[in-house]
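Colleague: Below are the sequence and a predicted model; questions follow.
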Amino acid sequence: ILQYSSSKTVLSGLEKPVDALTRNGIEYVELRSLDVNAYHPLGIDQVQLDFLEILMLFCLLHESPVIGEQERHEIDLNIINVAHRGRTPLLKLRRHGDFVALKEWSDELFEGMQPIAEILDVCANTRQFSDALNYHKAMIQDPGKTPSAIMLAEMREKGEGFYAFANRMSQTHKRYFDVAPLSSERLHFFQRAVDESHRKQRQTEADDNMSFAEFMQAYESSGF
């Protein structure tokens, strides 16, 4: 599941987001929520990252007309259907007033992403991007290969509920990090970041000379 956040730009002080977007335009797009990969200590692996790079470049380069009210409604229904029934064989989604099989639509998208994966492979002198694309395409062909299906199969085999599974995997990943601690340089880097964050917080609190109501009034005025 990919949760798309609204387009971002870096704010200056108390600048309103709409003003910052008007001034600087879109500076970055944030992918807020991928489902956590329960089998990787970091929650995401390199194959997933490679696929996301392909997907984002595809979205950037692919024509994207303005979404109308009907299409917005169809998108909302499709999100719910895929989230709840994505592994269901022959699942159909709505597209421009018609129905299309999830597999058929996915095949079209993967076909469109293939040239991008090949270009990235050439640039990096590798096949990792094409491999990442094929890896994820295989999940469409066989939903049993999806992380959620693998997780459910393991839970059934071990007779576990979700809490027991999550706790077991958490302990596994804890042991991974216990035997692979941060280097002293990296630890020092994070400690400096913590100290600087606390310093800025104290400075902000010391500079606070108005009530919240006064702040909101000033923020909503033309002064900010």
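Modeller: Arrived safely.

Colleague: The strand or helix carrying Val18: how far from the chain's middle?
Modeller: Counting by DSSP states H and E, the element that carries Val18 is helix 17-24. From the chain centre to the centre of helix 17-24 is a distance of 24 Å (Cα atoms, centre = their mean, to the nearest Å).

Colleague: and what of stretch 43-51?
Modeller: From the chain centre to the centre of stretch 43-51 is a distance of 11 Å (Cα atoms, centre = their mean).

Colleague: quick one: average pLDDT of that stretch?
Modeller: Mean per-residue pLDDT for stretch 43-51: 95.

Colleague: Can I get it as PDB, trimmed to CA atoms?
Modeller: Extracted C-alpha coordinates of stretch 43-51, given in PDB (Å, rounded to 0.1, in the frame of the first residue of the first chain):
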ATOM      1  CA  GLY A  43      11.200  -2.400   7.500                       C
ATOM      2  CA  ILE A  44      12.100  -2.100   3.800                       C
ATOM      3  CA  ASP A  45      14.700  -3.800   1.600                       C
ATOM      4  CA  GLN A  46      16.700  -2.800  -1.500                       C
ATOM      5  CA  VAL A  47      14.400  -4.500  -4.000                       C
ATOM      6  CA  GLN A  48      11.500  -2.500  -2.700                       C
ATOM      7  CA  LEU A  49      13.500   0.700  -2.900                       C
ATOM      8  CA  ASP A  50      14.600   0.000  -6.400                       C
ATOM      9  CA  PHE A  51      11.000  -0.600  -7.400                       C
END
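
Colleague: After the helix holding Val18, which helix or strand is next?
Modeller: Using DSSP H and E, the helix or strand that follows helix 17-24 towards the C-terminus is strand 31-34.

Colleague: now the helices for the chain?
Modeller: Assigned by DSSP state H, the chain shows helices spanning 17-24, 46-61, 69-85, 102-124, 128-141, 147-158, 162-178, 184-207, 212-220.

Colleague: For burial, what's the neighbour tally of Val122?
Modeller: The tally of other residues near Val122 (other Cβ atoms under 10 Å) stands at 10. Backbone N, C-alpha and C define where each C-beta goes, glycine included.
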